[in-house]
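*Asks:* mind folding the following:
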Amino acid sequence: MQCPSCQNTDSRVLESRAADGGRSVRRRRECLNCDFRFTTYERVETAPITVIKRNGNREIFSRSKLLHGLNRACEKTGLDASRLETLLDDVELQLQQRSSGKEVSSAEIGELVLIELKQISEVAYVRFASVYRQFRGIDDFVSTLETMNAEQNHLAAVV
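*Replies:* Prediction:
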């Protein structure tokens, strides 16, 4: 590890601990040349996920873009940020675990998000679906609500 102060590559680890809920390791280091102390983070490197957009363009999966869309869908619903982070972690894990390469369509990502959202907030689900599925009018909203209602009725009848 290179010291940010003198660029020497010799340092010693003073302290190590889990960070990001166990997904990374935080290390406090001290340079053996100039005694400068600094922090490093060690994470598992995952293969980048390529998203195939509706128009055919490809771009690297952006967690922050998806989080922004989720935040917009969940405004004023009472869902806390940690719940959205957990949802996003679950979706990203599902994408990483795919056996069919690391290319995924934006449609597949949207469907994974909708499955997760449906379980935690119906309002957020409808809001996200309206943007993701490009609702054109009230009929699209009504159709989605009727489908959700029919599914709830079916589940109630089974239980």
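
*Asks:* what count of nearby residues applies to the residue lying closest to Glu30 once chain neighbours are set aside?
*Replies:* Spatial nearest neighbour of Glu30, chain neighbours left out: Arg37 (5.1 Å); criterion: C-beta to C-beta, 6 or more residues apart in numbering. All C-beta atoms are positioned from the backbone trio N, CA, C, and that covers glycine. Burial of Arg37 is recorded as 13 neighbouring residues (other C-beta atoms under 10 Å).

*Asks:* also Val44?
*Replies:* Neighbours of Val44 using other C-beta under 10 Å come to 8.

*Asks:* roughly how far does the closest residue to it other than its chain neighbours sit from Glu45?
*Replies:* Excluding its sequence neighbours, the residue lying closest to Val44 (C-beta to C-beta, 6+ apart) is Arg23, at 7.4 Å. Going from Arg23 to Glu45 by C-beta to C-beta, to the nearest Å gives 12 Å.

*Asks:* which other helices and strands does the lengthiest helix in the chain contact?
*Replies:* Counting residues, the longest helix found in the chain (DSSP state H) is helix 138-158. Counting contacts by 3 or more C-beta pairs under 8 Å, 6 or more residues apart in numbering; DSSP states H and E, helix 138-158 is packed against helix 122-132.

*Asks:* much appreciated, bye for now.
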